[in-house]
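1. the amino acid sequence is not available; the structure is as follows:
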């Protein structure tokens, strides 16, 4: 996607921006920056979308401060782009029309842990590993795990999920309520702490996945889970992708409550062996984890072992020690970095389709053939229990032909998933990168989204140029 | 609530209604009715809210027909009120400004069962027992169970749940996608069949619980579950409500995956004994059910047995035979009718608060004291694993003093739950009956709801006078 096409989408309001910069500089002093380095770091920095830096960055420390910033920006019709850790992949933090980045990383307090209710309240800048470290002595944990150590506000904003989603769901399932600053600078609490409610429109789930375009998330109320009595897991090699997929499909259809079931193809295993010093057989491989009681975990893994054998899989290799398990999952989480090592100097462009599980093998097979036919290097990792997989295309961004070939491949992949009843994005979100797929995926639903956006942000100041385009 | 106050809320558009009636009569022939009996049956018929009949009823047979009706009504600015089985409790199907009831009970086809993806697509008029009968030979079932044999469209519209919600969640968790007719008569599909997606605003969950005020649900895509290998359950008596509540709280906090954990107080047990010919000890009692493997179910019930003993409970009485279990749960589902038998000639007014589980015992205790202090007869049943309970106040509706006392009691109960971080409605929805509680429960969030309503239904024709009032 070219910089010009992104910038053309939204006009800059120079006068308003100048005024807002002056007001915010005065109000926030050292916690406001217009330095080029800080601004650039707050634009998009991952994958190949161009960096579109904001005009200024406020480091907010409270919901009230975020509301202050929004009020200033609302008055002068200046864009506000929320920023957590900057780990988003689709240009969510870019400022195509300039404006103010509101960095919430200093809003990093865990406000409440209600162990007896299995919930907690955190500020938006708390990261998932920070929360789990905080919870360490409580016997509880927060399961959603997108790989990156993202902020929980950002994870809510993009409806993130990750390796544990097959068992624990996505952010839509674990966010109980949010505190949100609206486009006019008001503070809204979208729900209470009751486990269920039927009291009106589900503002919480409307905000989850809205990517900062309907409101700025400043606090998150999350469900927590008891740390399972027993955890076991390991890896299981397969001769080919099809047999691995079939094992996954049977596992899910049998209702086995796997906590994690991840597929890595041979290229990705080769990359992980090199990057994470593993010695796995370089063949399609499932990484698995089971949570439960001692007896339950044993039962689950025996059932999976049978399924794997029936699907033509090799011997399930147990990681019985906790440190071996940690090493495996660290390697899985480092898959992105490992893959980049397959082709030094390249950039990695991640795809994120998700299809009904019955179409998974077919979707992966067609995609694989497409990769080969186009001579791309594109390792595959997948949250396959959910029908979600990522192909990371390794691209020489100085080679326009390669870029064109990759863009065409990604388009075909996204259309393929949508045709199969799936989606162009299972967990990364839309941002700028996937806007062009939404019309076909949602049809008239996209008009409803635009109507909601217009109603809640009539001046289009909340993260403009993402998800829906207002004309 | 008086009829006058409800009717004052929305003005009738006599001219538009007359025109719409003529057009629809011509278009739908025998499937359109203006008979008093049919109209009255399509207004509110449960509890004490007054019946406000629509001006005409269309029995639609397809999404396209619903869209037709909406287009006619949109053109003439006439209210449209969707109707499934009429089992809602808060006046959801009333027509305070007249208009057309769209009865979807003839839209009762199961359109797809995708066993391999654990999902299905049904028309809005399919009821939950109809679906489960249809699924009987597939090894799958649909778990959400609000007691009444409601339509799945209605259950989605009110965000229903019920006895299984502690294990399987509510309608927000099991609806994958919807087909919805919008206020301008367009047909929108709110999602695909992928298990997760991050592709834009969560229209599905915005529609779930919107009670027909943002769109008319015509098809529902639902998650299904494998019938568990083993099911066991039974009843456990307790000397008082507090010890029963404590057993529930400990059960939930320990992470035990109970499928059902329901509390019935002594009055309700007495009512069930009489109505369902049971011989249970007339004391606060938990009804339980466990789902899993043979070994898992045994383990779960042993753990619960220990918790119950530690909480001062009596002996857990197993219903080992399937027919005994069915009889128990039939009695539980008939609790409403059983309770009415405690005071023949009265009406039952159900409350529906839900609080964080840590506040459950306190909320029930304060409520119980309030019942006693006011001399009300009000048996209690509760989906206590979710912190949700119903007090059914048995009222002589010819006694204004009793009505006043009951209304005041219900108000105190709802404020109490909201103060405790809970909600005035866990699963029944807002309808007309709970609108007055939303301002305190949601604060500025209620304005956001109104803005969304205005954006998606600018002429306020979709089930007007429910959830949010537009001025």
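-> Thanks, I have the structure now. Every value quoted in this text rests on a predicted model; they were computed, and no experiment measured them. Numbers count the residues shown, from 1 in each chain, chains lettered A, B, ... in the order given.
2. show me what from the stretch 201-350 of chain A comes close to chain B.
-> A:201-203, A:205-206, A:208-210, A:214, A:225-226, A:249, A:252-255, A:293, A:295-296, A:299 (C-beta under 8 Å from any C-beta of the partner chain). (Each C-beta comes from the backbone N, C-alpha and C, glycine too.)
3. strands - which of the residues you listed land there?
-> Those of those mapping onto strands are A:225, A:226, per DSSP state E.
4. filter the residues of the stretch 201-350 of chain A next to chain B down to the buried ones, PyMOL style.
-> Restricted to buried positions by 16 or more other C-beta atoms under 10 Å in any protein chain shown, the PyMOL selection for these reads:
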select buried, chain A and resi 201+202+203+205+206+208+209+210+214+225+226+249+252+253+255+293+296+299
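5. in helices, which of the residues of the stretch 201-350 of chain A next to chain B fall?
-> Members of those lying in helices (criterion: DSSP state H): A:203, A:205, A:206, A:249, A:252, A:253, A:295, A:296, A:299.
6. so residue A:263, which state does it fall into?
-> strand (DSSP: H, G, I helix; E, B strand; the rest coil).
7. can you list the domain ranges for chain A.
-> Here the domain parsing of chain A from automatic domain parsing is A:3-105, A:110-226, A:230-335, A:343-438.
8. what's the closest of those domains to residue B:276?
-> Of all these, it is domain A:110-226 that lies closest to residue B:276, at 26.8 Å by C-beta to C-beta.
9. what's the span of the closest one, first residue to last?
-> End-to-end distance of domain A:110-226: 18 Å, with C-alpha to C-alpha, to the nearest Å as the criterion.
10. quick one: mean pLDDT for it?
-> When pLDDT is averaged along domain A:110-226, the result is 97.
11. same check on stretch A:33-44?
-> Across stretch A:33-44, the average pLDDT comes to 97.
12. in that stretch, what counts as buried?
-> Applying a neighbour-count criterion of 16+ other C-beta under 10 Å, one finds A:33, A:38, A:39, A:41, A:42, A:43, A:44 buried in stretch A:33-44.
13. likewise stretch A:267-281?
-> Applying 16+ other C-beta under 10 Å to stretch A:267-281 flags A:267, A:268, A:269, A:270, A:271, A:272, A:273, A:275, A:276, A:280 as buried.
14. wouldn't residue A:350 be in contact with residue A:48 here?
-> No: shown here, residue A:350 and residue A:48 do not form a contact pair, counting by C-beta atoms under 8 Å, at 10.3 Å.
15. nearest to chain B within chain A, name that residue for me.
-> residue A:455 (3.3 Å; C-beta to the nearest C-beta).
16. rewinding a little: out of the domains of chain A, which gets nearest to residue A:445?
-> Residue A:445 lies closest, by C-beta to C-beta, to one member of the domains of chain A: domain A:343-438, at 8.5 Å.
17. which ones among the buried residues of stretch A:33-44 are found in strands?
-> The members of those that map onto strands under DSSP E are residue A:33.
18. could you pull up phi and psi at the spatially closest residue to residue A:189 that is not a sequence neighbour?
-> Spatial nearest neighbour of residue A:189, chain neighbours left out: residue A:179 (5.4 Å); criterion: C-beta to C-beta, 6 or more residues apart in numbering or on different chains. Here is the backbone geometry of residue A:179 (degrees, to the nearest 10): phi -100, psi 130.
19. the lengthiest helix in chain A - what's its average pLDDT?
-> When chain A is scanned for its longest helix (criterion: DSSP H), the result is helix A:400-419. When pLDDT is averaged along helix A:400-419, the result is 96.
20. packing partners of it?
-> strand A:353-354, helix A:360-373, strand A:388-395, helix A:435-442 (3 or more C-beta pairs under 8 Å, 6 or more residues apart in numbering or on different chains; DSSP states H and E).
21. need the contact list for the residue nearest to residue A:189.
-> For residue A:179, the contacting residues are A:63, A:187, A:188, A:189, A:190, A:217, A:218, A:219, A:220, by C-beta atoms under 8 Å, 6 or more residues apart in numbering or on different chains.
22. report the beta-bridge partners for it.
-> Beta bridges link residue A:179 to residue A:189, residue A:219, judged by DSSP bridges.
23. what strand or helix carries the residue nearest to residue A:342 when sequence neighbours are not counted?
-> If the residues on either side of it in the chain are set aside, residue A:342 comes closest to residue A:271, at 5.0 Å by C-beta to C-beta, 6+ apart. If you go by DSSP states H and E, residue A:271 is part of helix A:266-276.
24. that helix: how far from the chain's middle?
-> Chain-centre distance of helix A:266-276: 22 Å, with C-alpha atoms, centre = their mean, to the nearest Å.
25. which helices and strands does that helix pack with?
-> On a contact count with 3+ C-beta pairs under 8 Å, 6+ apart, helix A:266-276 meets helix A:322-333, helix A:335-340, strand A:380-383.
26. for chain B, what are the nearby residues on the stretch 51-200 of chain A?
-> With the criterion set to C-beta under 8 Å from any C-beta, the stretch 51-200 of chain A comes near chain B through A:114-119, A:158-161, A:165, A:170, A:172-173, A:182, A:186-190, A:192-200.
27. just the buried residues from those, in PyMOL please.
-> Command for PyMOL that selects the buried part of these, burial taken from 16+ other C-beta under 10 Å:
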select buried, chain A and resi 114+115+117+118+119+158+159+160+161+165+170+172+173+182+186+187+188+189+190+192+193+194+195+196+197+198+199+200
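28. picking up where we left off before, ok, so of the buried residues of stretch A:267-281, who is nearest residue B:426?
-> Residue B:426 lies nearest to residue A:268 out of the buried residues of stretch A:267-281, by C-beta to C-beta, at 44.8 Å.
29. list the contacts of that closest one.
-> For residue A:268, the contacting residues are A:335, A:338, A:339, A:379, A:380, A:381, by C-beta under 8 Å, 6+ apart.
30. my guess is residue A:140 contacts residue A:224, does it?
-> Yes: applying C-beta under 8 Å, one finds residue A:140 in contact with residue A:224, separated by 4.3 Å.
31. any shared contact partners between those two?
-> Residues within reach of residue A:140 and of residue A:224 at once, by C-beta under 8 Å, 6+ apart, are A:113, A:115, A:118.
32. and the second one, how far from residue B:387?
-> Using C-beta to C-beta, to the nearest Å, one obtains 15 Å as the distance from residue A:115 to residue B:387.
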